[in-house]
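K.L.:
sequence and predicted structure are below.
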Amino acid sequence: MAALPPAVAAVRAAVRRGLADVSPGDMVLVACSGGADSLALAVAARFVTQRMRTHCGLVTVDHGLQTGSTERAARLAGWARDHEFDPVDVRTVKVGGHGGPEASARNARYAALVAAAKAHRAVLVLLGHTRDDQAETVLLALTRGAGPHGLAGMPARRERQGVLFARPLLDVTRADTRAACEVAGLSPWEDPHNTDHAYARSRVRPLVAALGPAVIDNLARTAGLIAADTALLDELASDAFDKAVVGVDELDVAQLERLPAPVRTRVLHSWARRLGVSGGALSHPHVVAMDALVTDWHGQGPAALPGGLRVARQGGRLRRIA
């Protein structure tokens, strides 16, 4: 028996680990753009799920941002049907809104994937992000001055609107996904946005590639270490929040004063979210201003939060004021 090419083995092994808790008869969807990463993921997922007696479908999202995107999505759907993916779902979205082109496209894409997963009762949606993507994410977070949540990179699993998403290829290189596609005789689509400098990730991608495999590995490993520490701090902060909250939307200052700074600021962040502040709008200066009401109290006025909200220290509590 011929030896399995290393790249194919690496992708299949990663997918197998990612599906370890999926049961026979479950439905798994692969999110596939037609690029090398998601094509390699799709081929491996189809191979692994056949042996698990698990259903495997494919969903592709047409963002409508490029000429020929509809035809390309149709060709990908035809390929998926030929390779016995079932269901095969093409979702067309309209990209718009706030946050720039990348964020708008990402939000529209995830909304479509959530809808597809719910429509087909999928227990899991697989995404094709690789170790290279993780390294780029960490480097982008560094350039933006992100905190530990940003530096933790992309999680291996995350739930969105009741749908579980998994990234089984975070320990697989982009070179391996390309090699796996070559072995399978596939010609991946090359997204022109990957070289369009209007997109932040396309600007950082050549730099990450130039740094070499060792640095990519180190950045990805750093993300994993920070993610583990951040998860523990988040758990501690959740417990601390429950002890500090009074009534519906007030915090006990005495409880907050006892907390280490990394836990206390997380409690304040969660509290602001509970008051209705968008996580995307809440910045580091907002949290610092709230924290000063606890740690640098000298009778100052309220801290202003996004959306016109104000919080103040009154009677030993932090509370929202009109």
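P.N.:
Everything's here; your move.

K.L.:
in the longest helix along the chain, which residues are buried?
P.N.:
What stands out as the longest helix in the chain, according to DSSP state H, is helix 213-244. Neighbour counts over helix 213-244 (16 or more other CB atoms under 10 Å) mark 216, 219-220, 222-223, 226-227, 230, 233, 236-237, 240-241, 244 as buried. Heads up, the C-betas are built off the backbone N, CA and C, glycines and all.

K.L.:
try stretch 174-183
P.N.:
174, 176, 177, 178, 179, 180, 181, 182, 183.

K.L.:
so which of these would you say is closest to residue 48?
P.N.:
residue 180 (13.0 Å; CB to CB).

K.L.:
got a list of what that closest one touches?
P.N.:
Neighbouring residues of residue 180 by CB atoms under 8 Å, 6 or more residues apart in numbering: 5, 7, 8, 10, 11, 40, 43, 44.

K.L.:
repeat that with 10 Å
P.N.:
Contact analysis of residue 180 by CB atoms under 10 Å, 6 or more residues apart in numbering lists 5-12, 36-37, 39-41, 43-44, 172, 186.

K.L.:
tell me how far residue 191 lies from residue 288.
P.N.:
Counting by CB to CB, to the nearest Å, the gap from residue 191 to residue 288 is 39 Å.

K.L.:
repeat for residue 91
P.N.:
If you go by CB to CB, the gap between residue 91 and residue 288 works out to 41 Å.

K.L.:
neighbour count for those two, which is higher?
P.N.:
residue 91 (19 against 14; other CB atoms under 10 Å).

K.L.:
give me the pLDDT for residue 197.
P.N.:
Listed pLDDT for residue 197 reads 67.

K.L.:
can you report how many residues neighbour residue 153?
P.N.:
26.

K.L.:
OK, contacts around it?
P.N.:
Here residue 153 is in contact with 129, 133-141, 167, 170, 219-220, 222-224, 226-227 (CB under 10 Å, 6+ apart).

K.L.:
and the residue lying closest to residue 5 once chain neighbours are set aside, what is it in contact with?
P.N.:
With CB to CB, 6 or more residues apart in numbering as the criterion, residue 5 has its nearest non-adjacent residue at 5.0 Å, and that residue is residue 183. The neighbourhood of residue 183, defined by CB under 10 Å, 6+ apart, consists of 4, 5, 6, 7, 8, 11, 40, 43.

K.L.:
and the residue most central in space within the chain, how far from residue 167?
P.N.:
Against the mean C-alpha coordinate of the chain, by CA atoms, centre = their mean, the closest residue is residue 154 at 4.8 Å. According to CB to CB, residue 154 stands 6 Å off from residue 167.

K.L.:
now do the shared contacts for those two.
P.N.:
With CB under 10 Å, 6+ apart as the test, residue 154 and residue 167 both reach 127, 129, 133, 134.

K.L.:
which of the residues you listed are buried?
P.N.:
Buried among the shared contacts of residue 154 and residue 167 by 16+ other CB under 10 Å: 127, 129, 133, 134.

K.L.:
which residues does the closest residue to residue 4 other than its chain neighbours contact?
P.N.:
Spatially, and ignoring its direct neighbours in sequence, residue 4 is nearest to residue 12 (7.9 Å; CB to CB, 6+ apart). Residues near residue 12 by CB under 10 Å, 6+ apart: 4, 40, 43, 44, 45, 47, 48, 180.

K.L.:
what's downstream of the helix or strand hosting residue 12, the next helix or strand?
P.N.:
Using DSSP states H and E, residue 12 sits within helix 6-18. Downstream of helix 6-18, the next assigned helix or strand under DSSP H and E is strand 27-31.

K.L.:
that following strand packs against which elements?
P.N.:
helix 6-18, helix 36-52, strand 55-62, strand 88-92, helix 100-119, strand 124-126, strand 163-166 (3 or more CB pairs under 10 Å, 6 or more residues apart in numbering; DSSP states H and E).
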